[in-house]
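Asker: Just a sequence and a predicted model for now, questions to come.
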Amino acid sequence: MDNWADIPFDILLGICNRLTDLKDAIVASSVCKSWQPSFSFLLPKFQSPPYTPLLFLAEKDIRGLSTTSNINDHTRTFLNLSNRQKINLNLPATIGKRCLSVGYGWLLTVGLDFQINLFHPFTQRQISLPHLSTFANQWDPEYETRIKIRNMFVHRAIASANPWNSEAEDFNKDCIIMTTYEIGLPAFAKIGDQAWTDVKTPSAWYSDVIYYKSRFYFVCGLGVFACSISIDGQQVSDAIRVAPISQHVGGINQKYLVESCGELFLVGRGFGGEGASLSIPDYEYEYETVKNIGNQAFFLGEGASFSIPANSVNGCHQNCIYFTDDCFDFYPRTKHGAGYDIGRYNIEDATFDHHYEVGSFSYFSPPMWYL
């Protein structure tokens, strides 16, 4: 055939359906633009079990001063956990942007223009969210540079559902994006909103957020808090404390919330010892010390935390926690930013393995786990 773009759609789809490796499917989709719709039909196959976590590496400009107009190379790289192979994609929509994974394969991006978007690297779909200037609390631009605001204003983000409705071929109007911003305050927006809406809360400095059993949960040094938001976004409950902070992680800055096998886990990262488990009957939740997560593997760091069955992915170790460098307070104090502390923690024998020495660093958007 003289022109690859002229292959009939049904024949092309039949060829694509025989692909079993994500990297092969990506390469096929890049042959020409007319092949990309066929690949979009393939994507759900690679998003269903067995999952393959990817390490989304930082862009080459570690300070994030590049834009699509001043550089020609827009390549971003993913590292496949199962085979250590690299997947290179042309992703101009991520250049110069702080990126946070929100789940379902989507990223939240923040640019120096303070525009906030949802972006899917493999389908190239992009959805606009309210501008950074619409958050209720703002940093004074006279004292904070645009670079620092881009780098540090939005801390975490999570999606309540897949932002894309594949049946309607349109964005999901029921999806809510929850963030923690400024001093760790919670605020949310539905796709199509014009501004971010704060959640009333008795605390701040929330270090992580998760959507679990139809509620958003936040964690800080005072405990775990939860709030409910109606699908239309009109009814918002105040955040209430559902559990005190566990004595195991009370003095640790980095705290994560992870859902695994229908249960909610609180994970601390830092220095400290072990103690007795907590049982507080006055709160909705009680703590149970966990020293074995069985066949599960946790993935923590920048963006959404997640858990997968370890035996569903080649090379994934059970009863382990995979982590990336996400202590953003220290980004400016290191030689190349963040990206040094990437590895795996074995819960059984309490050992660390820093075997992901990928040489990928950033002052504003370091490597993170992506699923």
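Answerer: That came through fine. Residues are numbered from 1 along each chain as shown.

Asker: make it CA atoms for all contacts and neighbour counts henceforth
Answerer: OK.

Asker: How about the contacts made by Phe171?
Answerer: Ile127, Pro163, Trp164, Asn165, Ile191 (C-alpha atoms under 8 Å, 6 or more residues apart in numbering).

Asker: Name the nearest of those residues relative to Tyr370.
Answerer: Nearest to Tyr370 out of these is Pro163 (C-alpha to C-alpha; 15.8 Å).

Asker: How many neighbouring residues does the closest one have?
Answerer: Neighbour count for Pro163, taken as other C-alpha atoms under 10 Å: 26.

Asker: For it, which non-adjacent residue is spatially closest?
Answerer: Asn172 (5.0 Å; C-alpha to C-alpha, 6 or more residues apart in numbering).

Asker: Pull out the buried residues from the contacts of Phe171.
Answerer: Buried members of those, scored by 16 or more other C-alpha atoms under 10 Å, are Ile127, Pro163, Trp164, Ile191.

Asker: wait, doesn't the residue nearest to Pro163 sit right on Lys190?
Answerer: No - Asn172 lies out of contact with Lys190 (C-alpha atoms under 8 Å); the separation is 9.2 Å.

Asker: neighbour count winner among these two?
Answerer: Lys190 (24 against 18).

Asker: so what's that one scoring on pLDDT?
Answerer: Here the pLDDT value assigned to Lys190 is 95.

Asker: again, but for Val267
Answerer: The predicted local confidence for Val267 is 89.

Asker: Any chance of the backbone angles for it?
Answerer: phi -120, psi 130 (degrees, to the nearest 10).

Asker: For it, list each beta-bridge partner.
Answerer: Tyr256 (DSSP bridges).

Asker: Report the contact partners of it.
Answerer: Contacts of Val267 (C-alpha under 8 Å, 6+ apart): Val249, Lys255, Tyr256, Leu257, Val258.

Asker: a markdown table please, covering the residues you listed and showing neighbour count and pLDDT.
Answerer: Listed next are those as a markdown table, based on neighbours: other C-alpha atoms under 10 Å; pLDDT from 0 to 100:
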| residue | neighbour count | pLDDT |
| --- | --- | --- |
| Val249 | 20 | 67 |
| Lys255 | 22 | 88 |
| Tyr256 | 22 | 91 |
| Leu257 | 24 | 93 |
| Val258 | 22 | 93 |
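
Asker: thinking again about what came up before, which one of the contacts of Phe171 is nearest to Tyr217?
Answerer: Pro163 (19.2 Å).

Asker: For Arg63, see how far away that closest one is.
Answerer: The spacing between Pro163 and Arg63, counted by C-alpha to C-alpha, to the nearest Å, is 29 Å.

Asker: in the stretch 101-250 of the chain, which spans are strands?
Answerer: 106-110, 116-119, 126-129, 154-159, 164-165, 170-171, 176-181, 185-190, 197-198, 208-212, 215-220, 223-227, 240-243 (DSSP state E, counting those that start in this stretch).

Asker: For these, could you give me JSON lines that also reports distance to Ala310?
Answerer: Conversion of those to JSON lines gives the following (distance: least, C-alpha to C-alpha, whole Å):
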{"stretch": "strand 106-110", "distance to Ala310": "22"}
{"stretch": "strand 116-119", "distance to Ala310": "27"}
{"stretch": "strand 126-129", "distance to Ala310": "31"}
{"stretch": "strand 154-159", "distance to Ala310": "23"}
{"stretch": "strand 164-165", "distance to Ala310": "27"}
{"stretch": "strand 170-171", "distance to Ala310": "31"}
{"stretch": "strand 176-181", "distance to Ala310": "28"}
{"stretch": "strand 185-190", "distance to Ala310": "32"}
{"stretch": "strand 197-198", "distance to Ala310": "37"}
{"stretch": "strand 208-212", "distance to Ala310": "21"}
{"stretch": "strand 215-220", "distance to Ala310": "25"}
{"stretch": "strand 223-227", "distance to Ala310": "27"}
{"stretch": "strand 240-243", "distance to Ala310": "29"}
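
Asker: right, and the ones you listed - which one's nearest Ile71?
Answerer: That would be strand 106-110 among the strands of the stretch 101-250 of the chain, by C-alpha to C-alpha, at 18.5 Å.

Asker: Tell me how far the closest residue to Asn151 other than its chain neighbours lies from Ser305.
Answerer: Of all residues beyond its chain neighbours, the one nearest Asn151 is Phe364 (4.8 Å), with distances taken as C-alpha to C-alpha, 6+ apart. Per C-alpha to C-alpha, Phe364 is found 19 Å from Ser305.

Asker: tell me the helices in the protein, going along the chain?
Answerer: 9-16, 22-29, 36-47, 146-152 (DSSP state H).

Asker: Mind telling me which of those the model trusts least?
Answerer: helix 36-47 (a mean of 57).

Asker: correct me, but Thr351 touches Tyr345?
Answerer: Yes - between Thr351 and Tyr345 there is a contact under C-alpha under 8 Å: 5.8 Å.

Asker: more neighbours, those two?
Answerer: Using other C-alpha under 10 Å as the criterion, Thr351 and Tyr345 rank with Tyr345 on top: 19 against 10.

Asker: Who are the contact partners of the closest residue to the more buried one other than its chain neighbours?
Answerer: Sequence neighbours aside, Phe352 is the residue nearest to Tyr345 in space, at 4.6 Å (criterion: C-alpha to C-alpha, 6+ apart). By C-alpha under 8 Å, 6+ apart, the residues touching Phe352 are Gly343, Arg344, Tyr345, Asn346.
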